[in-house]
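In: My questions concern the predicted model and sequence given below.
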Amino acid sequence: METDISSCGGGGAQQRGIGPVEVQAATAALRRSEVFHVLKELVGFVLYMHHQIPSVLPSLENEFASLKEEMTEMALQPAELKPSDRRKYNTRKTEVRRRIKKHEKLMNGISTLLCSLQHALDEVSSIEGVVLILGGSLVRPLFVYDITISHGIFGPGSAKEHALTKLAQSVSRKAIRALVSRGAGSLSYTASCFCW
């Protein structure tokens with residue numbers, strides 16, 4: 001993966017990113033599901049790094065799923081409860097409902113983004129890159145991540161395949177480590193471009 005320099009908004013002035021970040025993948029082509037996994041991990045990391053989500057994406061997904069599961073279990077109220085246990089039960093049910101409501105809009109937005117990305121990857125026969133823009137407006141973004149994919153010719157398969165390969169895990173870990181080693185998350189960090 002090699003990257004170019006991206007520009008960041010901010011008062012209309014061009015700012016330089018951290019420069020090219022290259023992550024090597026030992027393959028001639030990546031499958032759609034592998035590209036999707038790498039992009040999902042990068043988007044999750046970038047959103048967390050810029051404080052757009054409260055924790056990393058996998059833990060958010062796990063927490064939300066466990067809350068939903070707990071709520072469905074609580075729908076079946078035990079028949080006989082002492083008044084003190086009933087109060088605890090109702091308090092816990094209210095707390096779970098409140099936490100679900102708090103996370104629901106965020107998780108629906110993330111789910112919509114990921115479904116759109118899967119759909120876009122399934123519709124194209126090759127991909128050259130993805131641009132992730134963070135900020136209040138497209139005209140003056142705060143951060144721009146230009147992810148260039150040099151192995152973007154797809155074979156058969158769908159982005160919706162859930163088989164996680166070691167190659168996809170390796171590329172996403174390398175990309176995140178490369179960002180962190182270049183100062184991602186620090187106050188002076190602006191943005192970057194990727195290419196693999």
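Out: It's in. Residues are numbered from 1 along each chain as shown.

In: Flag every buried residue along stretch 141-161.
Out: By neighbour count on 16 or more other C-beta atoms under 10 Å, the buried set for stretch 141-161 is 141, 143-149, 151-152, 154, 159. C-betas here are computed from N, CA, C, even on glycine.

In: Now do that stretch: distance from first to last residue.
Out: End-to-end span of stretch 141-161 (C-alpha to C-alpha, to the nearest Å): 33 Å.

In: on that earlier part again, restricted to strands, list the buried residues of stretch 141-161.
Out: Those of the buried residues of stretch 141-161 mapping onto strands are 143-148, per DSSP state E.

In: Kindly state the pLDDT recorded for the nearest residue to residue 161 once chain neighbours are set aside?
Out: Sequence neighbours aside, residue 33 is the residue nearest to residue 161 in space, at 4.0 Å (criterion: C-beta to C-beta, 6 or more residues apart in numbering). For residue 33, the pLDDT comes out at 85.

In: Can you identify the element that follows the helix or strand where residue 33 lies toward the C-terminus?
Out: Residue 33 belongs to helix 32-49 when assigned by DSSP states H and E. Next helix or strand after helix 32-49 toward the C-terminus (DSSP H and E): helix 57-74.

In: and the helix or strand where residue 102 lies, what other elements does it pack with?
Out: Residue 102 belongs to helix 83-123 when assigned by DSSP H and E. Packing contacts for helix 83-123, counted by 3 or more C-beta pairs under 8 Å, 6 or more residues apart in numbering; DSSP states H and E, involve helix 32-49, helix 57-74.

In: Distance of residue 85 relative to residue 112?
Out: According to C-beta to C-beta, to the nearest Å, residue 85 stands 40 Å off from residue 112.

In: now this protein, which segments are flagged as low pLDDT?
Out: Counting by pLDDT under 70, the chain has low-confidence residues at 1-20, 25-28, 151-152, 155, 184-196.

In: Show which residue of it lies farthest from the average position.
Out: residue 82 (44.4 Å; C-alpha atoms, centre = their mean).

In: which helices and strands does the helix holding residue 33 pack with?
Out: Partner elements for helix 32-49 (3+ C-beta pairs under 8 Å, 6+ apart): helix 57-74, helix 83-123, strand 129-134, strand 143-148, helix 166-181.

In: Quick one: closest of those to residue 38.
Out: Nearest to residue 38, of all these, is helix 166-181, at 4.6 Å by C-beta to C-beta.
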